[in-house]
Each structure stands twice: as C-alpha cells, then as structure tokens.
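Asks: Got a predicted model here, sequence first, then my questions.
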Amino acid sequence: SEHVAKMLRRKAKREETEGVGAFVDRHGARTRPRQKRRAQVPTESDETGERLESLVFGKQPFQPATAATQSASSEESDGEASGDAEGSGDGRGRSSDGTPGLVTAKDPSEVLQRKPAWRDEDDQEISVDISAHRRLRKLRKTETETAISGTAYSQRLRTQFEKLSSQPEWAKAASKKKKKQKRRVVDSEDSSSESEEDGEGLLQRTGDLLARRGERLPQGSIDIQRMKDANDSKRAEAVLQSVEFHPTSSVLLTAGFHKTLDIFQVDGQANPLLQSVHVERFMIRCAHFTADGREVVMAGHRRSFFVYDMVAGKITRVKGIRGRDDNFYDRFAVSPDNKLLVFLGKDGYLPLVSNKTKQWVANLKMSGDVYDVAFTPDSRYLLSVGSDGRVYVWDLSARSCVHSFADEGCIRGTTLAVSPGGSYVACGSDSGVVNIYGSDCLRRDSPKPLKAIMNLTTGAHHSCFNSTSEILAISSRLKKDALKLVHLPSMTVFSNWPTPKTHLSHVSAIDMAPQSRYLTVGNDKGKALLFRSEGLALVSFPYHRPPVLDPCSGLIPILQTLSLRSLLWSHSHTTDPQS
C-alpha cells in the first residue's frame with residue numbers, strides 16, 4: 001500500500017545517511033558502532049554552577065580532572081615520593097579517599113569548614129519586642145530587656161528549641177561523620193584549625209552549650225515546663241508518700257501505701273522503669289536513698305524497717321532498734337556523710353542508728369514531740385522541730401543540744417529544711433507560715449527571720465531547696481494545688497507558677513534533683529508529676545543524656561539487666577509483721 005511504500009523510502013534514506021558505519025547485529029537489527037566520548041572541558045558556566053552548588057549544599061563538588069590539572073599534578077609529583085605527599089593523594093590521580101577525579105583542597109581545614117547556606121542581612125536591622133507578648137517573655141535574659149535584634153531573636157529561638165528537644169538522628173550521624181573526617185586530617189591540622197573544628201562540633205547537637213549559668217536566677221517569674229510523668233510507665237495504686245532523686249544520677253524513687261518501691265530513670269521523655277520492689281504487708285511511709293546512692297531505706301507503721309541493696313538486688317529486714325520500745329518508726333533522715341540514720345521516735349526521742357551496721361548508737365531527747373529533722377551540709381549538726389515551736393540544734397559529735405531558739409510566731413513546727421550551702425534555714429508551721437532564717441540562727445538566742453512566707457493557707461508539710469540555694473519549694477497536703485516556689489535572693493514567691501491550669505491535686509511529697517533541672521511532685525492520685533526548669537540547676541546537663549553515676553557507676557547496667565522486673569519479698573510464713 002501507499003503507507004508501506006512511504007515507510008520503506010524513509011528507511012532507505014536513513015541507511016544512505018548512516019553509510020558504511022552501520023552493521024547488522026546477531027539479531028538482524030542495524031545499529032551504529034559505539035564511538036568514544038570526547039572529554040568535555042568544563043566551561044565558565046559549569047564552574048559557576050558548581051560554585052553555587054558548593055555554597056548552597058555546603059560541600060565540595062566533584063570536578064573532572066582536566067588537562068591543566070593533570071599537568072599541574074605531574075609537576076608536583078616530580079619532587080615527591082610515589083605514595084603520599086603530605087597526605088594529599090595516592091600518586092595515581094586519586095584523592096585522599098580513593099575517589100578518582102575528586103579534587104580536594106590542599107588545606108584540610110577547608111574541607112571541614114562549613115558555611116551557612118543562606119544568611120539574611122536584614123536581620124540585624126529588624127527589632128523584635130520580646131516583652132510585648134507573653135509567649136516571648138521566656139526569651140528574656142533580664143526583666144528589663146524589651147527589644148532585641150532579629151539576629152539575636154533567631155539565636156534565642158534556636159537555643160530555646162535545643163533546650164526542649166532531644167538530639168535528632170541526623171545530628172548524631174553528622175557528628176560521627178565529622179569525627180571521622182577529623183581523624184583523617186588531625187596530623188596535618190594546627191592548633192587553630194582544631195579549635196575551629198571543636199567549636200563547630202558544638203553546633204551539631206541540641207542541648208546547652210554552656211556548663212554553668214553566668215547570671216543569677218531572675219525573680220518574679222520562672223520558666224518551667226511540664227514533662228511526662230516520672231512514673232508514667234507504672235502508676236502507683238495509692239498516695240505517693242515519698243519521691244526522691246538519686247544523689248548523683250537522674251534516677252528517681254517513688255514509694256507509698258501500695259507496699260511497692262519503684263525506681264525510674266528520668267530523662268523527661270520515656271522515663272523507663274528500672275526496678276520494682278514489693279514488700280508484703282508493709283505500707284511504706286518514708287523512703288530515702290543513702291548518701292552513697294547504693295541503698296534505699298524504707299520505713300512504715302512498724303517497729304522494723306527494710307534496706308534494699310540496689311547493686312546486689314536484695315532486701316534486708318532490720319528488726320527494730322535495740323533498747324527502744326516505740327511502736328513504730330515511720331519517719332527518718334539520712335546524714336550527708338552517710339554515717340547516721342536518725343529516726344523520729346515518740347516523746348521527743350531521736351534514736352541515732354549507724355548506717356553501716358544498722359545498729360543503735362545513741363538517743364537524743366527534746367521537749368515535746370518531734371515532727372521533722374534536718375542535717376547541716378557538713379553533718380556536724382542536726383536540727384529538730386516539734387510541738388513546742390522551738391528549733392533545737394544538736395552537736396552530733398558530742399551527742400548533746402548546743403543551742404535552741406523559738407521560731408517566731410510558731411506554735412507547732414511541722415517542717416524543717418537546710419539549704420545545701422548552709423546559708424538558709426526554713427521552718428514551717430501548722431499555720432502555713434514558713435520563716436526563712438540566715439545561718440546565724442544556729443548561734444543567736446532570738447534570731448529574726450529574713451522573710452516570713454505566708455502564701456500557704458493551710459499547714460506547711462514539705463520544704464526543700466534546690467542545688468543552688470536559689471529556690472525553696474514549700475507545699476501543704478491539706479489543700480489542692482498548694483505548692484509555691486520561693487526566690488531566695490529576693491525572698492519573693494514566683495507569681496507565674498503554678499497557674500490555675502496546673503493541676504497538682506493534693507501534694508503529698510516534693511523533691512528537686514541535686515544535679516539536674518527537674519522538680520517532681522507526688523500527689524494523692526499516685527502520680528509523680530515531673531517539671532523542668534533552667535533555674536533549678538547550677539550545672540547544665542543535657543536532659544536527653546543523664547549524668548553517669550559517681551559512687552556506684554555500675555548501678556544502671558545492673559538494674560537494666562536484671563531478669564526479674566519485680567522482686568517479690570514475702571515474710572508472711574516466717575515472721576510476724578506486727579513484731
């Protein structure tokens with residue numbers, strides 16, 4: 001047909017154009033022989049595109065080795081050994097990493113140096129008022145600060161994001177790659193280039209760049225965020241009576257009338273359960289870590305108390321205190337030097353027990369009933385308060401009372417706390433007033449309080465200081481949401497927290513971590529609420545990576561590798577719990 005004839009004519013014309021270069025392959029198809037590609041010399045437009053790619057993506061582009069480059073490399077190789085000349089290549093037209101045709105910089109610091117992909121020059125001219133909006137006030141460094149530049153605003157937003165976010169996977173991969181590159185060129189870098197690389201490595205992770213706060217905690221308002229509950233992985237089935245952080249690591253214990261001691265690792269995100277210890281027919285009223293962090297001592301409405309060895313994973317029952325006929329010992333305190341346990345007995349007695357042998361050492365006797373005790377940081381003195389409204393100071397080496405004073409306006413003292421630095425003493429009463437004294441109250445007969453905190457309308461039952469002695473937390477268990485944070489340098493209460501939307505319920509226990517930014521609040525619903533604030537710590541630790549244990553560095557691996565998640569200890573068939 002006419003259509004087929006046209007196709008044949010086009011085919012014949014195409015064959016004439018191809019000429020003798022065409023041939024028939026084994027399948028009968030006519031193809032053209034392969035021709036060698038000519039090396040393309042990069043033009044000026046190609047070089048411009050590669051430079052643009054380097055600026056945008058921040059990496060060295062691949063460049064073909066031109067004739068000029070090959071001649072230059074041959075001239076350099078005349079005076080060098082065939083192998084590695086200053087670590088720049090392998091003598092075969094290859095780069096240091098073995099990639100053919102990759103042209104690397106002569107200065108290794110140029111390979112590691114990365115520049116921002118884009119920078120807005122107008123940021124410096126923009127002014128942002130961070131005091132006008134409530135959500136931006138957290139970016140202020142001082143209360144009087146109002147407007148900052150756009151560059152400073154973006155930097156503070158970035159810092160705030162790093163505080164609240166954990167390290168992403170891409171940052172970990174980038175830091176590993178950076179370390180490999182640094183190992184390749186560490187021999188050829190001088191001290192200045194090494195310092196530049198270390199400074200850039202700080203930007204490859206989230207978290208704090210400074211290890212210590214350079215400014216004092218401002219008064220008035222505190223930046224605090226609610227985190228995932230510390231015991232979210234295992235809620236308590238009763239009111240939490242004790243919550244306490246480990247003295248040297250991000251580990252928290254919770255205990256209560258549900259007869260269970262739970263130990264959690266606090267990271268602000270998962271807060272995994274490390275260990276759970278159930279004690280049959282023993283409602284835990286008070287639980288504390290020992291000062292070395294190896295043991296947990298538990299007391300309840302019994303004459304006996306229990307000691308849990310976290311390293312060995314076993315629990316021991318101590319059958320009361322010899323020489324004492326008290327019906328129960330449900331409250332106690334541990335000395336900072338880890339030598340003594342002091343129990344709150346009846347009729348004003350304070351039995352001292354050796355923490356090493358768990359045996360009775362001596363008795364201290366005060367007027368009235370004793371309600372709370374506190375050690376000084378050096379463990380030389382013990383302070384006690386009770387039903388007569390006086391504070392007693394005991395010399396533990398002499399086992400005698402060396403001083404006492406009346407707490408101003410107090411009829412019955414209920415709580416007592418000494419700051420970690422020993423500069424403040426907080427005395428709470430059943431009226432809700434908390435008096436804050438200076439360290440001179442241990443010597444003066446009638447000391448005057450530096451400030452009387454009257455923000456609690458019911459009796460004060462708990463008080464504790466943070467690690468920097470800048471914040472005092474006080475609470476009452478008789479009223480919902482009765483918790484206040486006191487700024488100690490100014491002796492004022494933070495007005496912005498807790499808010500009416502901060503549902504704390506009835507606070508039954510509080511504690512602040514010694515070496516991190518966490519505050520935990522135990523309540524009547526069995527929850528250990530967790531809050532995080534920059535003002536709660538002196539030394540900054542990234543909260544996604546808890547600090548390593550000091551005295552018992554093997555504690556966390558041992559707890560995580562235990563085959564039993566719960567140790568069930570029962571003495572119902574061997575001992576009488578009433579004894």
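Replies: Looks like it arrived, so ask away.
Asks: Regarding G535, what is its secondary structure?
Replies: Secondary structure, DSSP: H, G, I helix; E, B strand; the rest coil: G535 is helix.
Asks: For it, give its distance to S467.
Replies: 11 Å (C-beta to C-beta, to the nearest Å). C-beta coordinates here come from the backbone N, C-alpha and C atoms, glycine included.
Asks: residue boundaries of the helices in this protein?
Replies: Counting by DSSP state H, one finds helices in the chain at the ranges 2-18, 44-57, 67-78, 108-112, 150-164, 169-185, 191-201, 555-561.
Asks: Quick one: low-confidence residue ranges for the protein.
Replies: Across the chain, the ranges flagged by pLDDT under 70 are 1-4, 15-118, 165-215, 537-579.
Asks: mind running it again at 80?
Replies: Residues of the chain that meet the criterion pLDDT under 80 lie in 1-125, 134, 143, 162-216, 515-516, 534-579.
Asks: Enumerate every residue touching the closest residue to M454 other than its chain neighbours.
Replies: Excluding the flanking residues, the one nearest M454 by C-beta to C-beta, 6 or more residues apart in numbering is V433, at 5.4 Å. By C-beta atoms under 8 Å, 6 or more residues apart in numbering, the contact list for V433 reads G409, C410, A452, I453, M454, L456, A460.
Asks: and the closest residue in space to the fourth one that isn't next to it in sequence, what does it touch?
Replies: Counting by C-beta to C-beta, 6+ apart, V434 is the residue found nearest to I453 once chain neighbours are left out, at 4.3 Å. Counting by C-beta under 8 Å, 6+ apart, V434 touches T415, A426, C427, G428, A452, I453, L456, A460, S463, L472, I474, V486.
Asks: Dump those into TSV; add neighbour count and distance to T144 as well.
Replies: Below are the contacts of V434 laid out as TSV (neighbours: other C-beta atoms under 10 Å; distance: C-beta to C-beta, whole Å):
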residue	neighbour count	distance to T144
T415	23	35
A426	26	30
C427	29	34
G428	29	34
A452	13	28
I453	22	26
L456	22	31
A460	27	33
S463	24	31
L472	24	25
I474	27	28
V486	24	22
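Asks: Between those residues, which sits nearest L352?
Replies: Closest approach between the contacts of V434 and L352, by C-beta to C-beta: T415, at 21.1 Å.
Asks: So that closest one sits against L383, correct?
Replies: No. At 11.4 Å, T415 and L383 do not qualify as touching, with contact defined as C-beta atoms under 8 Å.
Asks: Now do stretch 375-395: distance from first to last residue.
Replies: End-to-end distance for stretch 375-395: 10 Å, by C-alpha to C-alpha, to the nearest Å.
Asks: So which bits of that stretch are buried?
Replies: 375-376, 379, 381-394 (16 or more other C-beta atoms under 10 Å).
Asks: One more: stretch 300-312?
Replies: Going by neighbour count (16+ other C-beta under 10 Å), the buried part of stretch 300-312 is G300, R302, R303, S304, F305, F306, V307, Y308, M310.
Asks: what's the closest of the residues you listed to D325?
Replies: R303 (8.8 Å).
Asks: now the end-to-end length of stretch 145-155.
Replies: Stretch 145-155 has an end-to-end distance of 16 Å (C-alpha to C-alpha).
Asks: Let me fix that, I meant to ask about stretch 141-159.
Replies: Stretch 141-159: ends 12 Å apart by C-alpha to C-alpha.
Asks: Ok, stretch 236-253 next?
Replies: Terminal residues of stretch 236-253 lie 12 Å apart, using C-alpha to C-alpha.
Asks: got it, and stretch 360-372?
Replies: End-to-end for stretch 360-372, by C-alpha to C-alpha: 20 Å.
Asks: Which of the residues in that stretch are classified as buried?
Replies: W360, V361, L364, M366, V370, Y371, D372.
Asks: same deal with stretch 411-426?
Replies: Neighbour counts over stretch 411-426 (16+ other C-beta under 10 Å) mark R412, G413, T414, T415, L416, A417, V418, S419, Y424, V425, A426 as buried.
Asks: Filter those residues down to just the ones in strands.
Replies: G413, T414, T415, L416, A417, V418, Y424, V425, A426 (DSSP state E).
Asks: out of these, who's nearest L504?
Replies: Ranked by distance to L504 (C-beta to C-beta), those are led by T415 at 17.5 Å.
Asks: residues contacting A147?
Replies: S127, V128, D129, I130, S131.
Asks: now the first one: how far from S249?
Replies: When C-beta to C-beta is the yardstick, S127 and S249 sit 44 Å from each other.
Asks: Likewise for the last one?
Replies: As for S131, its distance to S249 is 38 Å (criterion: C-beta to C-beta).
Asks: what about these two, which has more around it?
Replies: Between S131 and S249, counted using other C-beta atoms under 10 Å, the more crowded position is S249 (24 against 15).
Asks: Show me where the stretch 201-350 of the chain has its strands.
Replies: Ranges of strands in the stretch 201-350 of the chain, per DSSP state E, counting those that start in this stretch, are 224-226, 240-245, 251-256, 260-265, 273-279, 284-289, 295-300, 305-309, 314-318, 332-334, 340-343, 349-354.
Asks: tell me the most buried of those?
Replies: strand 251-256 (a mean of 27; mean count of other C-beta atoms under 10 Å).
Asks: what's in contact with stretch 295-306?
Replies: 253, 255, 261, 263, 279, 282-290, 307-310, 315-321, 326-332, 334, 341, 343, 577-579.
Asks: need the contact list for K527.
Replies: K527 makes contact with D229, N231, R235, A236, L240, S505 under the criterion C-beta under 8 Å, 6+ apart.
Asks: ok, of the residues you listed, which come out buried?
Replies: Among these, the ones that count as buried by 16+ other C-beta under 10 Å are D229, N231, A236, L240.
Asks: Those residues into JSON lines, with extra columns for distance to G268?
Replies: Formatted as JSON lines, the buried ones among the contacts of K527 follow (distance: C-beta to C-beta, whole Å):
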{"residue": "D229", "distance to G268": "11"}
{"residue": "N231", "distance to G268": "13"}
{"residue": "A236", "distance to G268": "20"}
{"residue": "L240", "distance to G268": "19"}
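Asks: ok so, going back, quickly name whichever of the buried residues of stretch 300-312 is closest to V353.
Replies: Distances from V353 to those, taken by C-beta to C-beta, are shortest for F305, at 9.1 Å.
Asks: Which strand residues bridge that closest one?
Replies: Listed beta-bridge partners, F305: V318 (assigned using DSSP bridges).
Asks: How about V393?
Replies: L383, H403.
Asks: same deal with A417?
Replies: A426.
Asks: wait, what's in contact with it?
Replies: Residues near A417 by C-beta under 8 Å, 6+ apart: A374, V425, A426, S463, C464, F465, L472.
Asks: mind listing the strands for the stretch 451-579 of the chain?
Replies: Ranges of strands within the stretch 451-579 of the chain are 451-453, 462-465, 471-475, 483-487, 492-493, 507-512, 518-523, 528-533, 566-569, based on DSSP E, counting those that start in this stretch.
Asks: I'd guessed Q265 sits against L253; true?
Replies: No. Counting by C-beta under 8 Å, Q265 does not reach L253; the two are 11.2 Å apart.
Asks: Give the residues shared as contacts by these two.
Replies: Jointly contacting Q265 and L253 under the rule C-beta under 8 Å, 6+ apart is no residue at all.
Asks: And for K163, the neighbour number?
Replies: Per other C-beta under 10 Å, the neighbour tally for K163 reads 19.
Asks: ok, now R137?
Replies: R137 sits with 15 neighbouring residues when counted by other C-beta under 10 Å.
Asks: what residues are up against it?
Replies: I130, S131, S221.
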